[in-house]
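K.L.:
mind looking at a prediction? Sequence and model below.
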Amino acid sequence: MEGSCSVGYGKDMSRIGRKPIEVPGFVTAHITGNELRVAGPKGELTRNISSLLKVAIRDKEVVVSRLGESRLHRSLHGLTRTLIANMIEGVASGFEKKLEMHGVGYRAEVKDRDIVLRIGFSHPVHYSLSEGVDAIVAREEQITRIRLTGINKEKLSDVAARLRAILPPEPYKGKGIRYEGEVIRRKAGKTKAIVK
């Protein structure tokens, strides 16, 4: 069963890899050697492409093909196609990640390139935003919301994960930092035995 599952995964990734990526009219893409550069209204991104793959740009489409049939070739094929599609979407319209802070008195604010978190510790926690990632903080209905935006999906996801890791939601009262819409599996609290 395990063998068939891994082969199926490779085939699925290859199928993804073969699909051309459409480039919107307002986005430009250029390949120089192994470096792909895309630019659009939101900014510009570059990525080095593995020498195991070939990237061609024609008729406002990016086509990724592999130069071999090994498992590594197949896995890189689908992955690279997905990463390039994310680059094009990022420079065209950008990405966003939303976090929520649950807890009495929990607050956040943006100062220069830092997010300052007040989350019940004896001191505020300062988190420096990565270059290319911006943040907006709002307070709604006792919940502090942090909206992260950027054109690099990998970097944006990394920043969101690191912020969440500062105070992950605990399972009893759900206090902490979580992704918007994230469901926390709650545990029943311990109750004291009744002494008669």
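P.N.:
Everything's here; your move. Numbering: from 1, shown residues only.

K.L.:
which residues of this protein fall in strands?
P.N.:
Assigned by DSSP state E, the chain shows strands spanning 21-22, 28-32, 35-40, 43-48, 53-58, 61-66, 95-102, 107-111, 114-118, 125-128, 133-140, 143-150, 176-179.

K.L.:
alpha carbons of the longest helix along the chain, as CSV, please.
P.N.:
Ranked by residue count, the top helix of the chain under DSSP state H comes out as helix 71-92. Taking Å, rounded to 0.1, in the frame of the first residue of the first chain, the C-alpha atoms of helix 71-92 are listed here in CSV:
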residue,chain,number,x,y,z
ARG,A,71,11.5,10.2,-8.5
LEU,A,72,13.5,13.3,-7.7
HIS,A,73,12.8,14.7,-11.2
ARG,A,74,9.1,14.1,-10.8
SER,A,75,8.8,15.6,-7.4
LEU,A,76,10.8,18.7,-8.4
HIS,A,77,8.7,19.1,-11.5
GLY,A,78,5.4,19.6,-9.6
LEU,A,79,7.0,21.5,-6.8
THR,A,80,8.7,24.0,-9.1
ARG,A,81,5.6,24.5,-11.2
THR,A,82,3.6,25.4,-8.0
LEU,A,83,6.3,27.7,-6.7
ILE,A,84,6.4,29.6,-10.1
ALA,A,85,2.6,29.9,-10.1
ASN,A,86,2.8,31.4,-6.6
MET,A,87,5.5,33.9,-7.8
ILE,A,88,3.2,35.0,-10.6
GLU,A,89,0.2,35.3,-8.4
GLY,A,90,2.2,37.1,-5.8
VAL,A,91,3.5,39.9,-8.1
ALA,A,92,0.0,40.1,-9.7
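
K.L.:
ok so, going back, how about JSON lines for the strands of the chain, with mean pLDDT, mean neighbour count and distance to His73 added?
P.N.:
In this view, the C-beta of every residue, glycine as well, is placed from N, C-alpha and C. Below are these laid out as JSON lines (pLDDT from 0 to 100; neighbours: other C-beta atoms under 10 Å; distance: least, C-beta to C-beta, whole Å):
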{"stretch": "strand 21-22", "mean pLDDT": "93", "mean neighbour count": "16", "distance to His73": "19"}
{"stretch": "strand 28-32", "mean pLDDT": "94", "mean neighbour count": "14", "distance to His73": "19"}
{"stretch": "strand 35-40", "mean pLDDT": "96", "mean neighbour count": "19", "distance to His73": "18"}
{"stretch": "strand 43-48", "mean pLDDT": "96", "mean neighbour count": "14", "distance to His73": "17"}
{"stretch": "strand 53-58", "mean pLDDT": "92", "mean neighbour count": "15", "distance to His73": "8"}
{"stretch": "strand 61-66", "mean pLDDT": "91", "mean neighbour count": "18", "distance to His73": "4"}
{"stretch": "strand 95-102", "mean pLDDT": "96", "mean neighbour count": "19", "distance to His73": "28"}
{"stretch": "strand 107-111", "mean pLDDT": "94", "mean neighbour count": "15", "distance to His73": "44"}
{"stretch": "strand 114-118", "mean pLDDT": "95", "mean neighbour count": "18", "distance to His73": "41"}
{"stretch": "strand 125-128", "mean pLDDT": "96", "mean neighbour count": "13", "distance to His73": "38"}
{"stretch": "strand 133-140", "mean pLDDT": "93", "mean neighbour count": "14", "distance to His73": "33"}
{"stretch": "strand 143-150", "mean pLDDT": "95", "mean neighbour count": "19", "distance to His73": "31"}
{"stretch": "strand 176-179", "mean pLDDT": "94", "mean neighbour count": "19", "distance to His73": "34"}
